[in-house]
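Q: What would the 3D arrangement of this be:
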Amino acid sequence: MEQELISKKELLSRYAISYGALYRWKRKGLIPEDWFIKKATVTGQETFFPKMLICERVELIMSQKEELSLDGLSRLLGQEEKKEAVLILNTVYGEKRFKISDIRFVSLDMGDGDIRDITDMVKREE
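A: Numbering: from 1, shown residues only. The predicted structure is shown next:
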């Protein structure tokens, strides 16, 4: 069964929030990266979200923003969510995080045609 999606445009309109606020919440970890789903449409690429999850989260953020700072809310949500190891890639283009359980294969291209499988290094159990 496919989950129902809501477009970014519809989400911003429904809750009267700005694009900047949405992405600030993302940077603070209040909205998980994997909820931002890019899809091709007839007008180009658009961003969608799992409707039930994002609507609940936006309502929670909006109801708590007077009581807690964004950092405080981020800590609270982080404690509630299941702790899972992540691979963090930090580049000149920014930081990207991947849940270890989502990773299928990791390779390192040495630049000389030598490609090394480093999946076991990344996914080894602690």
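Q: For the chain, which residue occupies the most central location?
A: E33 (0.7 Å; CA atoms, centre = their mean).
Q: was I right about that residue contacting R97?
A: Yes - contact criterion CB atoms under 8 Å: E33 and R97 qualify, at 6.3 Å. Just so you know, the C-beta spots here come from the backbone N, C-alpha and C atoms, and that holds for glycine as well.
Q: quick one on the thing from earlier: which pLDDT value belongs to the residue nearest to the centre of the chain?
A: E33 carries a pLDDT value of 88.
Q: List phi and psi for it.
A: phi -50, psi -40 (degrees, to the nearest 10).
Q: Tell me the spacing between it and R27.
A: Using CB to CB, to the nearest Å, E33 is found at 10 Å from R27.
Q: ok, back up a step: residue contacts, the residue nearest to the centre of the chain?
A: For E33, the contact set (CB atoms under 8 Å, 6 or more residues apart in numbering) comprises 26, 96-97.
Q: Quick check: longest helix in this structure by residues?
A: helix 51-64 (DSSP state H).
Q: Could you check the angle the strand or helix carrying G72 makes with helix 51-64?
A: Applying DSSP states H and E as the criterion places G72 in helix 70-80. Angle, helix 70-80 to helix 51-64, by axes from the mean of the first three to the mean of the last three CA atoms, to 10 degrees: 130 degrees.
Q: Going by neighbour count, which residues in helix 70-80 are buried?
A: 70, 73-74, 77 (16 or more other CB atoms under 10 Å).
Q: And these, which is closest to L89?
A: Nearest to L89 among the buried residues of helix 70-80, counting by CB to CB, is S74 at 20.7 Å.
Q: you'd agree the closest one is up against R27?
A: No - using CB under 8 Å, S74 is not in contact with R27, being 9.6 Å away.
Q: follow-up on the earlier one: the longest helix of the chain packs against which elements?
A: strand 5-7, helix 8-15 (3 or more CB pairs under 8 Å, 6 or more residues apart in numbering; DSSP states H and E).
Q: what about stretch 4-22, distance to the chain center?
A: When C-alpha coordinates are averaged (CA atoms, centre = their mean, to the nearest Å), stretch 4-22 and its chain have centres 15 Å apart.
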